[in-house]
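Participant: just the structure for this:
(one chain, ligands or ions: 1)
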Amino acid sequence: MKFFIDTANLDEIKKAYKVGVLSGVTTNPSLVAKEGVKFEDRIAEILNAVPEVESVSAEVTPNALTADQMIAEANELIKINGGDKNITIKLPMTLDGLEACRYLTQKGVKTNVTLIFTVNQALLAARAGATYVSPFLGRLDDISEDGVQLVSRIAELFRIQNLDSQIIAASVRHPDHVTRVALAGAHIATVPFKVIEQLSKHPLTDQGMEKFAADWTNAL
Ligand code: E4P
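Facilitator: Presented below is the predicted three-dimensional model:
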């Protein structure tokens, strides 16, 4: 399973990229709004900051509700930085979003269908040619449903039906989500920077380093 980072914060993206485990970036309107920056400018900055990843998701704005409006916005986004091959157009899981997904896929543009909460939605998105489908596990857990089970069922369906779309486990809230979606067959987990930090930590690692340092000093 690969890691994407789920943020529009440039410092966090740069820090995670430097570690060397990052394969992509996902953003959404809420994450961009939090940064207080111009959307297209921030996407350009992100694309420049992570040249060796496979995908940077830029979502059409909430004002684009029809397929034509989504395609019009996508056509502007794919021009950023002279047509960066990593840009991925993130589209909502609606019938218009699917129509835009099919159109953009046929034009060779990478797509990420977002806000997926059922297996059937994932199946539709895959049939529309989505490069990525994004089930939101944390938001399902929030309403007492089982987000990891959804990822597992989508992975099983894609295997049985030989569907090519990659599953991005999204709305990841903590390290246990990461372990469980990896075992459930997600291709990618998109995670906040805080979770990347948490994944690297264990108290016994810290204690072990302290003991090595103390033993080393005592031996001198
Ligand atoms: C994914 O692409 C979304 O940006 C994200 O994972 C949503 O997460 P949230 O439910 O924590 O807002």
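Participant: against which helices or strands is the biggest helix by length in the chain packed?
Facilitator: If you go by DSSP state H, the chain has its longest helix at helix 203-219. Taking 3 or more CB pairs under 8 Å, 6 or more residues apart in numbering; DSSP states H and E as the contact definition, helix 203-219 has no neighbouring helices or strands. Backbone N, C-alpha and C define where each C-beta goes, glycine included.
Participant: show me how far it is from its chain's centre.
Facilitator: 37 Å (CA atoms, centre = their mean, to the nearest Å).
Participant: can you give me the buried ones in that helix?
Facilitator: Counting neighbours by 16 or more other CB atoms under 10 Å, one finds that helix 203-219 has no buried residues.
Participant: would you map the helices across this protein?
Facilitator: For the chain, applying DSSP H gives helices covering 10-19, 29-35, 39-49, 67-77, 95-106, 119-127, 137-142, 147-160, 175-184, 193-199, 203-219.
Participant: is the fifth one anywhere near the ligand?
Facilitator: No: using CB under 6 Å from any ligand atom as the criterion, no contacts between helix 95-106 and the ligand are found, and the smallest distance is 13.8 Å.
Participant: rounded mean pLDDT for that helix, please.
Facilitator: In this model, helix 95-106 has an average pLDDT of 98.
Participant: that one versus helix 67-77: what angle between them?
Facilitator: The directions of helix 95-106 and helix 67-77 differ by 40 degrees, with axes from the mean of the first three to the mean of the last three CA atoms, to 10 degrees as the criterion.
Participant: got it, and the longest one?
Facilitator: With the same axes, to 10 degrees defining the directions, helix 203-219 sits at 20 degrees from helix 67-77.
Participant: before we move on, what about the first one?
Facilitator: Following the same axes, to 10 degrees, one obtains 70 degrees for the angle between helix 10-19 and helix 67-77.
Participant: report the buried residues of helix 10-19.
Facilitator: Buried-residue list, helix 10-19, by 16+ other CB under 10 Å: 12-13, 16-17.
Participant: the residue lying closest to His177 once chain neighbours are set aside: how many residues sit nearby?
Facilitator: In space, and not counting its chain neighbours, His177 is closest to Leu137: 6.2 Å by CB to CB, 6 or more residues apart in numbering. Residue neighbour count, defined by other CB atoms under 10 Å, stands at 27 for Leu137.
Participant: from the ligand, how far off is Leu137?
Facilitator: Remark: distance between Leu137 and the ligand (CB to the nearest ligand atom, to the nearest Å) = 9 Å.
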